[in-house]
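**Student:** Predicted coordinates and the sequence they were generated for:
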Protein chains: 2
Amino acid sequence: MGRSKPVTLIAGGAGFIGSHLCLRLLGEGHEVICIDNLQTALPSNLGRLKGRPGFTFVEADIVQPLPEAVTARAGEIGRVYNLACPASPPLYQIDPEHTMLTNVVGTNNLLRLAEKSGARFFLASTSEVYGDPEVHPQQEEYRGWVNCTGPRACYDEGKRAAETLTFDYARTGRAEVRVIRIFNTYGPHMSPDDGRVVSNMLCQAIQGDDITIYGDGTQTRSFCYVSDMVDGFVRLMEAEIDGTEPVNIGNPVELSMQELADEVVRLTGARSRIVYRPLPIDDPRRRRPDIARAKALLDWEPRVPLREGLTQTYHWFAEELGRAERVKAA
Amino acid sequence: MGRSKPVTLIAGGAGFIGSHLCLRLLGEGHEVICIDNLQTALPSNLGRLKGRPGFTFVEADIVQPLPEAVTARAGEIGRVYNLACPASPPLYQIDPEHTMLTNVVGTNNLLRLAEKSGARFFLASTSEVYGDPEVHPQQEEYRGWVNCTGPRACYDEGKRAAETLTFDYARTGRAEVRVIRIFNTYGPHMSPDDGRVVSNMLCQAIQGDDITIYGDGTQTRSFCYVSDMVDGFVRLMEAEIDGTEPVNIGNPVELSMQELADEVVRLTGARSRIVYRPLPIDDPRRRRPDIARAKALLDWEPRVPLREGLTQTYHWFAEELGRAERVKAA
């Protein structure tokens, strides 16, 4: 890729998408420094990374001043990816103050590092900046319908504020930036108990528990397989574009939660019943990306069909839960 | 008022509205600690306060850990007002990073103090959380139309994030809170060069310069006189309500920028021409508060008519600019 500074810093690199990004870049011969506070990362994700050539792990929280192990290497860092923040509502709501500070203070600490390093900065933003959208599908120009006073706001408004900071660094010439808006993503390395719908349903099916639908099941989502997502990350980071606009990355195939539950039952052959629970506050009713910008700028579109991705994820969860059982039994 | 802890902390207390709030509370016999970084405050505002019985000034930036002069008195503080942040677009855009951190880190530092003190916390939020609104007038339930990637976002998104933090402290039982959304306010103690329309036009008229209208003059605002605003502050802070909803305070009388310019010319007898300049990016076209909630909860409504308020403000600016001239000449 012709980078003069070969080191990539990945904040949140032990997390679900982060660990895939680390593996991808290590596989391409890049040196990777992963900084993660291990707040929600699965230990097995880090286990797959540790010891690989070119991989350095730094346990730290980006809300605090960045540790010496990172700052000492500022001169070598050419790319900074910020994926640090729990993304699952039950997890990011445990400590809403910390969620907000991770997005604002943490992002700012990494932006200052990028400025000092002359590195390109990448923010993993989210479709949550659109809130409960009034238009479908969502284009990047849509300004969103976010309740800034509600229990999801620590994440949604935190990410909006992180985008603001990032574009301000670009506008004032302090850093070259890329901002991605991630739509629902699934795949191996998700935490079985992260509380999101794909992991919930697959784990319930594997364990023979009832499969939960929140609400009546008519609300829709669109799910992107993680390898497609990571491919979008790298394309956006490396694209020679001006970077002053956010880019949606996600799968535009929309399905209802009822359809997802039915697919999970079919795929896993589970005998689980489907049960219905009340919808959480401010849960979006529909979410689907318009990916015209990603297609035009990055020649990107998702390749992995839902059934294939769900099958991969199912096998991974079955193994992960089996391992957890064996650990418990030992 | 039956407060067991009589000290009120006012962050941004040397600013335009803050200095009026200090004067009002001192006049009612309260002890006031004012913390201000003097980033945009007029020196004459602080001059009017210093030396008054019960008044303590601490020069500090709330983005930094709060100084000993404040934390040492945590046990006495029963009320914390957060008015700290430049509110004029040209001023808050000078250092967008600092504007964001003032609203997020600064607000959080004051919330932590309120938690430690057991004090009631008051956030001066803003109608800017509504962005360029699609509904008129704006009710508190309206979620806004804010561009989180634009040059005004450091303030607009910063305030939205400050609201989020504040309501999270309330939701998790860490502090009792009040959140006000301030609509355009004017009056004595405004900075002549703060770049907002009332100060701009009055100062241009007084100095015999052309009066500038940005855009074609059809965009509207509604202007609340500062004594009405401060009365809304105190009523909301002292109201025995649950405080978990923001409250609009502003004057619902809407007028166009052309009407305002005409009124300024009439009032000042200026011979100024009115000139038109391009509208800045993301400037809202209309803004008018729905104050039904303030009426119902606080029995509040504005009392000072525009002509009376503008006259008071005009006399004050004439004196302030005269003093500046005398200082320059000396």
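**Tutor:** Received, thanks. Numbers count the residues shown, from 1 in each chain, chains lettered A, B, ... in the order given.
**Student:** May I have the phi/psi pair for A:Phe55?
**Tutor:** In terms of degrees, to the nearest 10, the main-chain angles of A:Phe55 are phi -100, psi 130.
**Student:** Quick check: bridge partners of it?
**Tutor:** In this structure, A:Phe55 has beta-bridge partners A:Val32, where bridges are defined by DSSP bridges.
**Student:** what residues does chain A put near chain B?
**Tutor:** Along chain A, the residues adjacent to chain B under the rule CB under 8 Å from any CB of the partner chain are A:96-97, A:100-101, A:104-105, A:108, A:129, A:131, A:143-151, A:153-154, A:157-158, A:160-161, A:163-165, A:167-169, A:171-172, A:179, A:245-246. Where C-beta positions appear, they are placed from N, C-alpha and C, glycine not excepted.
**Student:** Just the buried residues out of those residues, in ChimeraX syntax.
**Tutor:** The ChimeraX command for the buried members of the residues of chain A next to chain B (criterion: 16 or more other CB atoms under 10 Å in any protein chain shown) is given here:
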select /A:96,97,100,101,104,105,108,129,131,143,144,145,146,147,148,149,150,151,153,154,157,158,160,161,163,164,165,167,168,169,171,179,246
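**Student:** so of the residues of chain A next to chain B, which ones are in strands?
**Tutor:** A:Val179 (DSSP state E).
**Student:** ok and the residue in the stretch 201-330 of chain A nearest chain B?
**Tutor:** Scanning the stretch 201-330 of chain A for proximity to chain B using CB to the nearest CB identifies A:Pro246 as nearest, at 6.5 Å.
**Student:** What are the neighbouring residues in contact with the nearest residue to that residue once chain neighbours are set aside?
**Tutor:** Of all residues beyond its chain neighbours, the one nearest A:Pro246 is A:Val179 (4.2 Å), with distances taken as CB to CB, 6 or more residues apart in numbering or on different chains. For A:Val179, the contact set (CB atoms under 8 Å, 6 or more residues apart in numbering or on different chains) comprises A:122-123, A:125, A:163, A:166-167, A:243, A:245-247, B:149.
**Student:** so A:Val179 bridges to which residues?
**Tutor:** Here A:Val179 shows beta-bridge partners A:Leu123, assigned using DSSP bridges.
**Student:** Take the contacts of A:Val179 and lay them out in JSON lines including distance to B:Val264.
**Tutor:** Written out in JSON lines, the entries for those read as follows (distance: CB to CB, whole Å):
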{"residue": "A:Phe122", "distance to B:Val264": "49"}
{"residue": "A:Leu123", "distance to B:Val264": "44"}
{"residue": "A:Ser125", "distance to B:Val264": "43"}
{"residue": "A:Glu163", "distance to B:Val264": "38"}
{"residue": "A:Thr166", "distance to B:Val264": "40"}
{"residue": "A:Phe167", "distance to B:Val264": "36"}
{"residue": "A:Gly243", "distance to B:Val264": "43"}
{"residue": "A:Glu245", "distance to B:Val264": "39"}
{"residue": "A:Pro246", "distance to B:Val264": "41"}
{"residue": "A:Val247", "distance to B:Val264": "46"}
{"residue": "B:Thr149", "distance to B:Val264": "34"}
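**Student:** any idea of the pLDDT on A:Lys5?
**Tutor:** Per-residue confidence at A:Lys5 stands at 56 (pLDDT).
**Student:** how much space between the residue nearest to A:Val230 when sequence neighbours are not counted and chain B?
**Tutor:** What sits nearest to A:Val230 in space, not counting adjacent residues and going by CB to CB, 6+ apart, is A:His20, at 4.8 Å. Using CB to the nearest CB, to the nearest Å, A:His20 is found at 27 Å from chain B.
**Student:** Are we agreed that A:His20 is in a helix?
**Tutor:** Yes - with DSSP: H, G, I helix; E, B strand; the rest coil as the criterion, A:His20 is part of a helix.
**Student:** All the helices of the stretch 51-200 of chain A, in order from the start?
**Tutor:** In the stretch 51-200 of chain A, the helices defined using DSSP state H, counting those that start in this stretch lie at A:68-71, A:89-92, A:96-101, A:107-117, A:153-171, A:197-206.
**Student:** If you compare the directions of the fifth one and helix A:107-117, what angle comes out?
**Tutor:** Comparing the axes of helix A:153-171 and helix A:107-117 via axes from the mean of the first three to the mean of the last three CA atoms, to 10 degrees yields an angle of 20 degrees.
**Student:** Which neighbouring elements make contact with helix A:153-171?
**Tutor:** Secondary structure elements in contact with helix A:153-171, counted by 3 or more CB pairs under 8 Å, 6 or more residues apart in numbering or on different chains; DSSP states H and E, are helix A:89-92, helix A:96-101, helix A:107-117, strand A:120-126, strand A:176-182, helix B:96-101, helix B:153-171.
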